[in-house]
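Asker: Provided below are the primary sequence and the corresponding predicted coordinates.
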Amino acid sequence: MAKRKEENFSSPKNAKRPRQEELEDFDKDGDEDECKGTSTLTAAEVGIIESIHLKNFMCHSMLGPFKFGSNVNFVVGNNGSGKSAVLTALIVGLGGRAVATNRGSSLKGFVKDGQNSADISITLRNRGDDAFKASVYGNSILIQQHISIDGSRSYKLKSATGSVVSTKKEELIAILDHFNIQVDNPVSVLTQEMSKQFLQSKNEGDKYKFFMKATQLEQMKEDYSYIMETKERTKEQIHQGEERLTELKRQCVEKEERFQSIAGLSTMKTNLESLKHEMAWAVVNEIEKQLNAIRDNIKIGEDRAARLDRKMEEQQVRLNEAEQKYKDIQDKLEKISEETNARAPECMALKADVVAKKRAYNEAEVLYNRSLNEYKALKKDDEQLCKRIEELKKSTDQSLEPERLERQKKISWLKERVKALRNQENSVNQEIEQFQQAIEKDKEEYGKIKREESDVKHALSYNQRQLKELKDSKTDRLKRFGPNVPALLEAIDDAYRQGLFTYKPVGPLGACIHLRDPELALAIESCLKGLLQAYCCHNHADERVLQALMKRFYLPGTSRPQIIVSEFRNEIYDVRHRAAYHPEFPTVLTALEIDNAVVANSLIDMRGIETVLLIKNNSVARAVMQSQKPPKNCREAFTAEGDQVFAGRYYSSENTRPKFLSRDVDSEISDLENEVENKMAQILNLQQHLSDLEKDIKRNEELLKRCQLHYKELEMKIRKSNSEIRELENIEEHQSVDIATLHNPSHFIELLIIFIPMLEIFLKQSFILALFKQDELNLADSEVDNQKRGKRHYEEKQKEHLDTLNKKKRELDMKEKELEEKMSQARQICPERIEVEKSASILDKEINRLRQKIQAEHASHGDREEIMRQYQEARETYLDLDNKVRTLKKFIKLLGEIMDHRFKTYQQFRRALSGGERSFSTVCFILSLWSIAESPFRCLDEFDVYMDMVNRRIAMDLILKMADSQRFRQFILLTPQSMSSLPSSKLIRILRMSDPERGQTTLPFRPVTQEEEDDQS
């Protein structure tokens, strides 16, 4: 048979299958009989020809069907009866080439003249343990070949039941290899032309070639060369596979590192959830601490308020005591004044007593001498008293009573004035407090309005930028995703044309998606957020190139679009098994029209859009997600207003309109322009309000300063009036003295002896007592004032403290409500309370850092499932290729050992027979070749054409003897002889051909070229 073309040599199972007898010979070192090289064959069970049927083949419209026996079959008939046609059909029908028949140069020459096609049907026996696919074909295999007039042919391989099993030539080759049928081997099928050529040839070289072909040594040589070529190609494939293995190992290590990193990412996500739980209860702890501090402050404040109440009571007691003391002193002072007035009659009585003393003068003359000495001592006092008398004389001209009354009147007036000034002082103090409160209130309002103005300005700036982007997007929609996006995309196109990218990056993702329902624009934007501005890269090398391009358009410190690294695929993931479903509401994936599979897969990987529902109504969204069990596979939902709804919590959206996905740009521009105008008008109103507040604050501050100056002036007037009152009260009231009696010195002297001591004692007592009482009264008045000021001080302190205490209580109520809300939120996040040692601020920083790290890991590595899949694929690919390379190496090693042994055997076989082929006779040579051939049948055409009767008989006996010794082989012998002399036997079947039809002509044969031969095969 011709050498078959290889299809794929990536694995040994696809290489050409060595003949089984070769492997058997190698395993048994050639010690056993070669007939055991194939499977053990029972008598005529597999591979023999059961029948042949021809239609429109060569010169015959219909031949057969011919039923052949299992051992010896003679096909006899006259020349032209179709004997050779049967043999030719056998060769062609079993896949042989036209030139191998020596009957034609092309297959189309076998189609009968005037017909469009020819058909050949051959039935092979398929029984026993060595049957070929016995469960498929059954006890026989029907091979049908259809030959068209253009020289093409087709096959149908049918089972014993007539059903078509295959139409491929490869299946026919497998059957022939299994049965060891070789129709182009002259030992198996010796045609008439080859038989004549062999029998007539005397050239030893031709016989040697015939021997080489018959013994399959030529086929072995060709197979050896073919296998060696295949071995070299396999070695090259192994070399390429090893190089590929190195690259796959590097990729596998890289994927494994990413897989390990993504495993760390899972740990980070777990830690993030744990930190969120701690954060929830840390906030509760801090509020509880604040509550405890507020409660402690309130308790301290209440204690202080109680102390202030006690001090107020004590101050009131002291004030009452001071007032009572003042009243008592004032009463005593009035009593002293009354006593002074009451002693005036006593003075008169003294005067009368002086008169009486005149009469006693004479009686006292005796005492004169004794008193003289006293008189001398008093002489000096006399001089002083004279001066005093002069002064008294002068003071007698004035009236003491009107002066005292005037002084008391002035004191009363001054007291009334002080009282009025006190009232004015209180009034001014109240005005000062009112102005201070007004100023404080205006400043608080000013700060509030100022903050509101700042917020409005910030919103105005944002709206103006958004308005500019919208106006720019009317001419270029890509500018909605950033002013630098068109230039960046042009740079990406240029870099792709220069071959810098493996695959052109895709983005921004928001420009690659379209809404099915425009009302869901804000909901989808709230879900996707920054992913709308993100880009996708096939690998990390492309990502680095894109990062370098972005640096040209985004300044350092400014935020850049996210880059997602994921292998590009042409098909969207099949997410039907994990997608959320609700009969009324779509998911984000189904609400979008996405033409690019890379975009859809990236959004599935990064955001899980197949698990997010879109529900327009807020209350319906709460009912679906919170009032009942959420739909299967649904993690969250978004409303038309952009609110995010989970099973246990609800987050309101900060945005009021979509930024990237809105279709009605003109309407958006109009709304934004109106909003900008409203914001500007609002800013003007706020600025006017601020100006008015500044004026009010300035005016109130000026009035406050005036009141404070007035208050100081009143205090000075009050102090001055009190000083005048004390001075007037301290003035000594001189008593009027009747000095008329003192004109007479002698009488004065007489009276002076008695009156002066008494008068001095009285005056001294009265003056000292009055002076003391007046000072005591002034001190009591001062004490009263001090106690009143102390009382006012404590009253103000108490009022201020009560205000602070009430403010703390209100703050306590607000904190308690906040605590309830935070505890409710914390229970939703983490039902059981956990002990937290870190503060909320520290936890918040840790959460932000961990989120940034997770986002960075996501951005650099991609989705966890995708990375796991890539790692598994890379590992499986590496292991599969490694296994194939190992298998190929083993195969090459085994093949080398087999071929070395085969080559040695081939060399030995050649050396053993190279000198003996010249001695073979014709039939004995063929018979000897038959003894070593393994084909299940032998065909011989007109073997006795040049023999005489004696040689023919000897040859026939040898053939029959050979057939009798090999009953498990089939022999088909074609001869024009009648074969009537053959012995009767069940093993011999004679098939007689009908005489040829009249007018039958020869076939239009012509030589065939190599190209035509290859085409027909």
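Answerer: Received it, and whenever you're ready, just let me know what you need.

Asker: K409: neighbour count?
Answerer: Per other CB atoms under 10 Å, the neighbour tally for K409 reads 10. Heads up, the C-betas are built off the backbone N, CA and C, glycines and all.

Asker: Now do the same for S105: helix, strand or coil?
Answerer: Assigned by DSSP: H, G, I helix; E, B strand; the rest coil, the conformation of S105 is coil.

Asker: That one and A89: what is the separation?
Answerer: Here S105 is placed at a distance of 17 Å from A89 (CB to CB, to the nearest Å).

Asker: Between these two, which is the more surrounded one?
Answerer: A89 (29 against 19).

Asker: That one: which element?
Answerer: In the assignment (DSSP states H and E), A89 maps to helix 83-93.

Asker: what do you get for N951?
Answerer: Once you assign secondary structure using DSSP H and E, N951 falls within helix 949-965.

Asker: what does whatever helix or strand comes next after that helix contact?
Answerer: For helix 949-965, the following helix or strand on the C-terminal side (DSSP H and E) is strand 970-975. By CB atoms under 8 Å, 6 or more residues apart in numbering, the residues outside strand 970-975 that reach it are 44, 48-49, 68-76, 83-84, 86-87, 192, 936-944, 959, 962-963.

Asker: Tell me which of these fall in strands.
Answerer: With strands taken from DSSP state E, the overlap with the contacts of strand 970-975 comprises I48, I49, V72, N73, F74, V75, V76, F937, R938, C939, L940, D941.

Asker: mind giving me a markdown table with those residues and columns for distance to K112?
Answerer: Output for those, formatted as a markdown table (distance: CB to CB, whole Å):
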| residue | distance to K112 |
| --- | --- |
| I48 | 28 |
| I49 | 23 |
| V72 | 31 |
| N73 | 25 |
| F74 | 26 |
| V75 | 20 |
| V76 | 23 |
| F937 | 26 |
| R938 | 29 |
| C939 | 23 |
| L940 | 26 |
| D941 | 21 |
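
Asker: who wins for most neighbours among those residues?
Answerer: Busiest of these [other CB under 10 Å] is I48, holding 27 neighbours.

Asker: That one - nearest residue in space that isn't next to it in sequence?
Answerer: Q970 (4.0 Å; CB to CB, 6 or more residues apart in numbering).

Asker: again, but for E675
Answerer: E675's closest residue in space is N463 (CB to CB, 6+ apart), at 5.6 Å.

Asker: which residues does the one you found contact?
Answerer: N463 touches L672, E675, V676, K679, counting by CB under 8 Å, 6+ apart.

Asker: What helix or strand is it located in?
Answerer: Per DSSP H and E: helix 400-475 holds N463.

Asker: Which is the succeeding secondary structure element to that helix?
Answerer: Assigned by DSSP H and E, the successor of helix 400-475 is helix 485-497.

Asker: Contacts for the next helix or strand after that next one next, please.
Answerer: Going down the chain from helix 485-497, the next helix or strand is strand 513-515, by DSSP H and E. Applying CB under 8 Å, 6+ apart, the contact partners of strand 513-515 are A521, I524, A591, L592, E593, I594, V599, L603, L661, R663.

Asker: before we move on, what about stretch 837-844?
Answerer: In contact with stretch 837-844 (CB under 8 Å, 6+ apart) are residues L275, E278, M279, A282, V283, N285, E286, V836, E846.

Asker: Could you dump the residues you listed into JSON lines and include secondary structure and neighbour count?
Answerer: Shown next, in JSON lines, are these (DSSP: H, G, I helix; E, B strand; the rest coil; neighbours: other CB atoms under 10 Å):
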{"residue": "L275", "secondary structure": "helix", "neighbour count": "19"}
{"residue": "E278", "secondary structure": "helix", "neighbour count": "23"}
{"residue": "M279", "secondary structure": "helix", "neighbour count": "22"}
{"residue": "A282", "secondary structure": "helix", "neighbour count": "22"}
{"residue": "V283", "secondary structure": "helix", "neighbour count": "21"}
{"residue": "N285", "secondary structure": "helix", "neighbour count": "19"}
{"residue": "E286", "secondary structure": "helix", "neighbour count": "16"}
{"residue": "V836", "secondary structure": "coil", "neighbour count": "18"}
{"residue": "E846", "secondary structure": "helix", "neighbour count": "16"}
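
Asker: Nice, that's everything, thank you.
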